[in-house]
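[1] Can you look at this prediction? I've put the sequence above it.
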Amino acid sequence: GENVEQHPSTLSVQEGDSAVIKCTYSDSASNYFPWYKQELGKGPQLIIDIRSNVGEKKDQRIAVTLNKTAKHFSLHITETQPEDSAVYFCAASRDNAGNMLTFGGGTRLMVKP
Amino acid sequence: ETGVTQTPRHLVMGMTNKKSLKCEQHLGHNAMYWYKQSAKKPLELMFVYNFKEQTENNSVPSRFSPECPNSSHLFLHLHTLQPEDSALYLCASSQDLWTGRGYTFGSGTRLTVV
(Lines give C-alpha, C1' and ligand atoms only; values in the text may rest on other atoms or scores of the structure.)
Protein backbone atom coordinates (compact mmCIF):
# COMPACT_ATOMS: atom_id res chain seq x y z
CA GLY A 1 0.00 0.00 0.00
CA GLU A 2 0.86 3.68 -0.09
CA ASN A 3 3.30 5.16 2.42
CA VAL A 4 3.62 8.91 2.93
CA GLU A 5 6.55 10.43 4.81
CA GLN A 6 6.41 14.05 5.99
CA HIS A 7 9.24 16.31 7.17
CA PRO A 8 9.95 18.11 9.36
CA SER A 9 7.77 17.06 12.28
CA THR A 10 8.11 20.51 13.83
CA LEU A 11 8.99 23.81 12.21
CA SER A 12 9.48 27.18 13.87
CA VAL A 13 9.75 30.35 11.79
CA GLN A 14 9.70 34.07 12.42
CA GLU A 15 6.64 36.00 11.30
CA GLY A 16 7.11 37.11 7.72
CA ASP A 17 9.48 34.30 6.82
CA SER A 18 8.61 31.43 4.49
CA ALA A 19 7.87 27.87 5.59
CA VAL A 20 8.33 24.71 3.53
CA ILE A 21 6.98 21.27 4.40
CA LYS A 22 7.96 18.26 2.32
CA CYS A 23 6.33 14.89 1.70
CA THR A 24 7.36 11.80 -0.19
CA TYR A 25 5.10 8.99 -1.33
CA SER A 26 5.79 5.44 -2.40
CA ASP A 27 3.02 4.50 -4.83
CA SER A 28 3.82 5.83 -8.30
CA ALA A 29 0.14 5.42 -9.19
CA SER A 30 -0.90 8.10 -6.66
CA ASN A 31 -2.36 11.06 -8.49
CA TYR A 32 -4.09 13.29 -5.93
CA PHE A 33 -2.25 15.20 -3.19
CA PRO A 34 -4.17 17.39 -0.73
CA TRP A 35 -2.86 19.39 2.21
CA TYR A 36 -4.81 19.86 5.43
CA LYS A 37 -4.42 22.36 8.25
CA GLN A 38 -5.48 21.37 11.75
CA GLU A 39 -5.86 24.10 14.35
CA LEU A 40 -6.07 23.34 18.04
CA GLY A 41 -9.38 21.76 18.98
CA LYS A 42 -10.54 21.42 15.38
CA GLY A 43 -10.53 18.79 12.69
CA PRO A 44 -8.23 19.02 9.66
CA GLN A 45 -9.36 21.41 6.93
CA LEU A 46 -8.41 21.16 3.27
CA ILE A 47 -6.30 24.18 2.29
CA ILE A 48 -4.96 23.24 -1.13
CA ASP A 49 -4.65 20.22 -3.37
CA ILE A 50 -2.85 19.23 -6.54
CA ARG A 51 -3.35 16.54 -9.11
CA SER A 52 -0.61 14.71 -10.94
CA ASN A 53 -1.25 16.46 -14.25
CA VAL A 54 0.15 19.76 -12.91
CA GLY A 55 3.46 20.63 -11.30
CA GLU A 56 2.50 23.64 -9.21
CA LYS A 57 -0.58 25.35 -7.81
CA LYS A 58 -0.89 28.63 -5.92
CA ASP A 59 -3.56 30.19 -3.74
CA GLN A 60 -2.51 33.55 -2.31
CA ARG A 61 0.30 32.86 0.21
CA ILE A 62 0.10 29.08 -0.20
CA ALA A 63 1.61 27.02 -3.00
CA VAL A 64 2.14 23.33 -3.59
CA THR A 65 4.68 21.78 -5.93
CA LEU A 66 4.77 18.21 -7.21
CA ASN A 67 7.67 16.22 -8.63
CA LYS A 68 6.23 12.98 -9.96
CA THR A 69 9.58 11.57 -10.99
CA ALA A 70 11.01 11.93 -7.52
CA LYS A 71 7.65 11.17 -5.90
CA HIS A 72 7.63 14.15 -3.62
CA PHE A 73 5.47 17.21 -3.11
CA SER A 74 5.87 20.28 -0.96
CA LEU A 75 3.79 22.98 0.71
CA HIS A 76 5.15 26.51 0.63
CA ILE A 77 3.76 29.27 2.85
CA THR A 78 5.10 32.76 2.24
CA GLU A 79 4.90 35.81 4.52
CA THR A 80 3.88 33.63 7.46
CA GLN A 81 1.55 35.02 10.09
CA PRO A 82 0.85 33.85 13.66
CA GLU A 83 -2.52 32.46 12.52
CA ASP A 84 -0.65 30.06 10.24
CA SER A 85 0.47 28.22 13.40
CA ALA A 86 -1.14 24.78 13.24
CA VAL A 87 -0.44 21.15 12.35
CA TYR A 88 -0.24 20.52 8.62
CA PHE A 89 -0.87 17.12 7.02
CA CYS A 90 -0.06 16.00 3.52
CA ALA A 91 -1.87 13.08 1.95
CA ALA A 92 -1.90 11.00 -1.21
CA SER A 93 -4.35 8.76 -2.97
CA ARG A 94 -4.08 6.62 -6.05
CA ASP A 95 -7.45 6.91 -7.64
CA ASN A 96 -8.97 9.78 -9.51
CA ALA A 97 -11.64 10.03 -6.85
CA GLY A 98 -9.21 11.63 -4.45
CA ASN A 99 -10.45 9.44 -1.67
CA MET A 100 -8.98 6.68 0.47
CA LEU A 101 -6.24 9.07 1.47
CA THR A 102 -2.99 8.03 3.13
CA PHE A 103 -1.78 10.78 5.45
CA GLY A 104 1.71 11.89 6.41
CA GLY A 105 2.66 12.15 10.06
CA GLY A 106 2.02 15.89 10.29
CA THR A 107 4.15 19.00 10.80
CA ARG A 108 3.62 21.34 13.72
CA LEU A 109 4.29 24.85 12.41
CA MET A 110 4.92 27.62 14.92
CA VAL A 111 5.10 31.20 13.68
CA LYS A 112 6.74 33.50 16.20
CA PRO A 113 5.56 37.11 16.23
CA GLU B 1 -18.63 24.87 11.49
CA THR B 2 -17.50 22.70 8.61
CA GLY B 3 -20.84 21.03 7.98
CA VAL B 4 -19.74 17.85 9.73
CA THR B 5 -20.85 17.73 13.39
CA GLN B 6 -19.51 15.26 15.92
CA THR B 7 -20.92 14.60 19.36
CA PRO B 8 -19.90 14.45 22.08
CA ARG B 9 -16.79 16.65 21.88
CA HIS B 10 -15.27 14.93 24.91
CA LEU B 11 -15.93 11.50 26.41
CA VAL B 12 -14.44 9.72 29.40
CA MET B 13 -15.41 6.09 29.77
CA GLY B 14 -14.39 3.10 31.81
CA MET B 15 -13.14 -0.08 30.19
CA THR B 16 -16.43 -1.87 30.88
CA ASN B 17 -18.70 0.89 29.58
CA LYS B 18 -20.61 1.02 26.32
CA LYS B 19 -20.85 4.35 24.55
CA SER B 20 -21.45 5.68 21.04
CA LEU B 21 -19.95 8.48 19.00
CA LYS B 22 -22.16 10.31 16.54
CA CYS B 23 -21.36 12.08 13.29
CA GLU B 24 -23.81 14.05 11.20
CA GLN B 25 -23.31 15.89 7.92
CA HIS B 26 -25.66 18.08 5.91
CA LEU B 27 -23.42 18.54 2.90
CA GLY B 28 -25.20 16.06 0.68
CA HIS B 29 -22.19 13.76 0.78
CA ASN B 30 -22.48 10.04 0.28
CA ALA B 31 -19.20 8.77 1.69
CA MET B 32 -18.32 8.91 5.39
CA TYR B 33 -15.21 7.90 7.26
CA TRP B 34 -13.95 7.26 10.78
CA TYR B 35 -10.33 8.13 11.57
CA LYS B 36 -8.33 7.70 14.76
CA GLN B 37 -5.78 10.37 15.64
CA SER B 38 -3.31 9.49 18.40
CA ALA B 39 -0.50 11.63 19.70
CA LYS B 40 2.59 11.46 17.50
CA LYS B 41 0.94 9.07 15.01
CA PRO B 42 -0.45 9.61 11.53
CA LEU B 43 -4.18 9.69 10.98
CA GLU B 44 -5.39 6.10 10.93
CA LEU B 45 -8.31 5.16 8.71
CA MET B 46 -10.77 2.91 10.54
CA PHE B 47 -13.93 2.54 8.46
CA VAL B 48 -15.37 3.79 5.18
CA TYR B 49 -19.00 3.90 4.10
CA ASN B 50 -20.19 4.74 0.60
CA PHE B 51 -23.93 5.14 0.08
CA LYS B 52 -24.52 3.47 3.47
CA GLU B 53 -22.49 0.39 2.56
CA GLN B 54 -19.27 -0.38 4.41
CA THR B 55 -16.44 -0.54 1.90
CA GLU B 56 -13.44 -0.59 4.21
CA ASN B 57 -12.60 -2.03 7.60
CA ASN B 58 -8.95 -1.33 8.23
CA SER B 59 -8.34 -4.28 10.57
CA VAL B 60 -10.10 -2.52 13.40
CA PRO B 61 -10.72 -4.53 16.61
CA SER B 62 -14.29 -5.70 17.10
CA ARG B 63 -14.66 -3.53 20.21
CA PHE B 64 -15.28 -0.73 17.67
CA SER B 65 -18.54 -1.22 15.77
CA PRO B 66 -19.63 1.28 13.10
CA GLU B 67 -23.17 1.94 11.97
CA CYS B 68 -24.38 4.02 9.03
CA PRO B 69 -28.20 4.16 8.97
CA ASN B 70 -28.24 6.73 6.14
CA SER B 71 -25.81 8.86 4.16
CA SER B 72 -26.06 11.73 6.66
CA HIS B 73 -25.34 9.86 9.88
CA LEU B 74 -22.48 7.71 11.08
CA PHE B 75 -22.02 6.14 14.49
CA LEU B 76 -19.14 4.42 16.22
CA HIS B 77 -20.25 2.09 19.00
CA LEU B 78 -17.66 1.41 21.67
CA HIS B 79 -17.49 -1.41 24.20
CA THR B 80 -14.83 -2.90 26.47
CA LEU B 81 -12.20 -0.45 25.26
CA GLN B 82 -8.58 -0.37 26.38
CA PRO B 83 -6.58 2.64 27.63
CA GLU B 84 -4.60 2.63 24.38
CA ASP B 85 -7.84 3.41 22.55
CA SER B 86 -7.74 6.90 24.05
CA ALA B 87 -7.43 9.27 21.09
CA LEU B 88 -9.20 11.88 18.99
CA TYR B 89 -11.77 10.20 16.76
CA LEU B 90 -12.47 12.13 13.61
CA CYS B 91 -15.37 11.75 11.24
CA ALA B 92 -15.08 12.93 7.65
CA SER B 93 -17.30 12.98 4.60
CA SER B 94 -16.84 13.39 0.86
CA GLN B 95 -19.09 13.52 -2.17
CA ASP B 96 -18.59 9.80 -2.76
CA LEU B 97 -15.71 7.44 -3.47
CA TRP B 98 -15.30 8.65 -7.06
CA THR B 99 -15.46 12.47 -7.00
CA GLY B 100 -12.12 13.99 -6.09
CA ARG B 101 -12.77 17.02 -3.92
CA GLY B 102 -11.15 15.93 -0.68
CA TYR B 103 -12.66 15.35 2.72
CA THR B 104 -14.57 17.57 5.11
CA PHE B 105 -13.69 16.71 8.69
CA GLY B 106 -15.61 17.24 11.89
CA SER B 107 -13.94 18.62 15.00
CA GLY B 108 -13.60 15.18 16.53
CA THR B 109 -14.47 13.45 19.80
CA ARG B 110 -11.67 13.38 22.36
CA LEU B 111 -11.99 9.94 23.99
CA THR B 112 -10.29 9.01 27.24
CA VAL B 113 -10.51 5.40 28.46
CA VAL B 114 -9.83 4.98 32.17
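    Okay, I see it.

[2] mind listing what residue A:113 touches?
    Residues near residue A:113 by Cβ atoms under 8 Å, 6 or more residues apart in numbering or on different chains: A:15, A:82. Quick note: C-beta positions are derived from backbone N, CA and C, even for glycine.

[3] Also residue B:5?
    Contact partners of residue B:5, counting by Cβ under 8 Å, 6+ apart, are B:23, B:24, B:25, B:106.

[4] Dig out what it forms beta bridges with.
    Here residue B:5 sits in beta bridges with residue B:24, going by DSSP bridges.

[5] swap in residue B:70?
    Residue B:70 forms beta bridges with residue B:73, as assigned by DSSP bridges.

[6] From the contacts of residue B:5, pick the one nearest residue A:48.
    Among the contacts of residue B:5, residue B:106 lies closest to residue A:48 (Cβ to Cβ), at 20.5 Å.

[7] thought that closest one was touching residue B:89?
    No - in this structure residue B:106 lies outside contact range of residue B:89 using Cβ atoms under 8 Å: 9.3 Å.

[8] Would you confirm that residue B:85 contacts residue B:111?
    Yes - the pair residue B:85 / residue B:111 is scored as a contact, 6.9 Å apart, by Cβ under 8 Å.

[9] Spit out the residues that contact the two alike.
    residue B:78.

[10] Can you find the helix or strand of chain B with the lowest average pLDDT?
    In chain B, the helix or strand scored least confidently by mean pLDDT, DSSP states H and E is strand B:53-57, which has a mean of 86.

[11] Show me what it packs onto, helices and strands only.
    strand B:44-50, strand B:64-70 (3 or more Cβ pairs under 8 Å, 6 or more residues apart in numbering or on different chains; DSSP states H and E).

[12] so which of those gets nearest residue B:29?
    strand B:44-50 (10.1 Å).

[13] average pLDDT across that closest one?
    If you average the pLDDT over strand B:44-50, you get 92.
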